[in-house]
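Peer 1: Quick one, what's the 3D model for this:
(2 chains)
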2 protein chains.
Amino acid sequence: MEDSQPRALLPCPYPKLFPSQLNRDDQFFMQLAYNQAIDAWRADETPIGAVIEFNGEPIAHAFNRVDATKDPTAHAEMLAITKAANFIGDWRLNECRLYVTKEPCPMCAGASIMARLKEVVFAVPDPKMGYLGGVLEAHATPSLNHRLNVRSGILEDQCRELIQAYFRLKRVQSKNAHVPNAIDEDQLT
Amino acid sequence: MEDSQPRALLPCPYPKLFPSQLNRDDQFFMQLAYNQAIDAWRADETPIGAVIEFNGEPIAHAFNRVDATKDPTAHAEMLAITKAANFIGDWRLNECRLYVTKEPCPMCAGASIMARLKEVVFAVPDPKMGYLGGVLEAHATPSLNHRLNVRSGILEDQCRELIQAYFRLKRVQSKNAHVPNAIDEDQLT
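Peer 2: Sure thing, here's the model as predicted:
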């Protein structure tokens, strides 16, 4: 069941950002997450990136690696949560904040709750698959034992442009190469 | 932030099951998942186990490893999904069926959807944190691009007894040892 179709690499036309280390605000951390999304594109993965902040420091960086690993759980948020837990030395991440360039899917929203993250900040809402407000507010489930704060809209336009450009170019590439099913936009979520 | 409190091992009083290899039915696969839950207990983890079936064969076995790994994503279902994807060689598990001894939490329900599992069969419902019918039907979200079938109740009494006995004994143990917060029942989900 291996996908025998080789995936042509699509050069990323967007440069990385260089935020000032002096301002450890939402913009700073989301720009680091954006840079992770650039790394995802460079690795021929859907450009979604995540960073976890703890005590004003980025303790975990990750990008989507579903295609490389062929693992449906290898979303940027999941990998960042695992890295942060490893850094903290505890599965409870109560003092940590997740920055991610797109609203988390059902799995990643659930993981944010189970990891007891203090807050999730995402850039681009996902009205189809987003589980932190887009299609459903998982964090508002009354019986949950953890209150997760959610904010959005930081660096939204830039992160949206990156994702949309990736799929636009992928579509053109697939059409030219007559590669059926080379794009799986569902994986975006 | 390391938990310096050593966790005393609590011997599991329940034996493993030996289902016939000739009947590859729900009972067979759930009994294998139950055996994984026994392994979890023996490793001093919340006794939840999972098995993934493909073409009538168990292709992935896993049990909860949150405590050992200190990773909030290390639920039995997540580890089984990663193993199954590795076996299949694709992140899409459309022909696979997940058996798990307790209703999946928000993260694992989401992962079942994202992995495009054909079906999830669970033993014990979870009215507090279950996201496949207990507190919420994640698989019924209309905008999802995948239809996940869900069934429950297989080996329910036996799997419930195992989980309840574990927490009952843990409570007694903690009380006797005067160990504060040694039990975290929330992690059950």
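Peer 1: so where does the nearest residue to A:Glu156 once chain neighbours are set aside fall, helix or strand?
Peer 2: What sits nearest to A:Glu156 in space, not counting adjacent residues and going by Cβ to Cβ, 6 or more residues apart in numbering or on different chains, is A:Ala123, at 5.0 Å. (C-beta placed from N, C-alpha, C; glycine too.) Per DSSP states H and E, A:Ala123 falls inside strand A:119-124.
Peer 1: now the helix or strand following that strand, how far from the chain's geometric center?
Peer 2: From strand A:119-124 onward toward the C-terminus, using DSSP H and E, the following helix or strand is strand A:149-152. Computed by Cα atoms, centre = their mean, to the nearest Å, the chain-centroid distance of strand A:149-152 equals 14 Å.
Peer 1: Residues in contact with strand A:149-152: which ones?
Peer 2: Residues external to strand A:149-152 that are found in contact with it (Cβ atoms under 8 Å, 6 or more residues apart in numbering or on different chains): A:Asp26, A:Glu103, A:Lys118, A:Glu119, A:Val120, A:Val121, A:Phe122, A:Ala123, A:Pro125, A:Leu132, A:Gly133, A:His139.
Peer 1: burial count for A:Ile113?
Peer 2: For A:Ile113, the count of nearby residues is 28 (other Cβ atoms under 10 Å in any protein chain shown).
Peer 1: what about the helix or strand encompassing it, average pLDDT?
Peer 2: Per DSSP H and E, A:Ile113 falls inside helix A:106-114. Computed over helix A:106-114, the mean pLDDT rounds to 98.
Peer 1: ok, now stretch A:30-49?
Peer 2: Mean predicted confidence for stretch A:30-49 is 97.
Peer 1: Also stretch A:117-128?
Peer 2: Stretch A:117-128 comes out with an average pLDDT of 97.
Peer 1: how about the lowest-mean-pLDDT helix or strand in chain A: buried residues?
Peer 2: None of the helices or strands of chain A scores lower by mean pLDDT, DSSP states H and E than helix A:156-177, at a mean of 92. For helix A:156-177, a neighbour-count test (16 or more other Cβ atoms under 10 Å in any protein chain shown) marks A:Glu156, A:Gln158, A:Cys159, A:Leu162, A:Ile163, A:Ala165, A:Tyr166, A:Leu169, A:Lys170, A:Gln173 as buried.
Peer 1: dump the residue contacts of the third one.
Peer 2: Right, A:Cys159. Contacts here follow Cβ under 8 Å, 6+ apart; on that basis A:Cys159 touches A:Met30, A:Tyr34, A:Ala37, A:Thr101, A:Lys102, A:Ala123, A:Val124.
Peer 1: what about 7 Å?
Peer 2: Contacts were defined as Cβ atoms under 7 Å, 6 or more residues apart in numbering or on different chains; by that measure A:Cys159 touches A:Tyr34, A:Ala37, A:Thr101, A:Lys102, A:Ala123, A:Val124.
Peer 1: Tell me if I'm right that A:Gln36 and A:Ala62 touch.
Peer 2: Yes - with contact defined as Cβ atoms under 7 Å, A:Gln36 counts as touching A:Ala62 (6.4 Å).
Peer 1: Mind listing the shared neighbours of the two?
Peer 2: Common neighbours of A:Gln36 and A:Ala62 are listed as A:Ala50, A:Ala76 (criterion: Cβ under 7 Å, 6+ apart).
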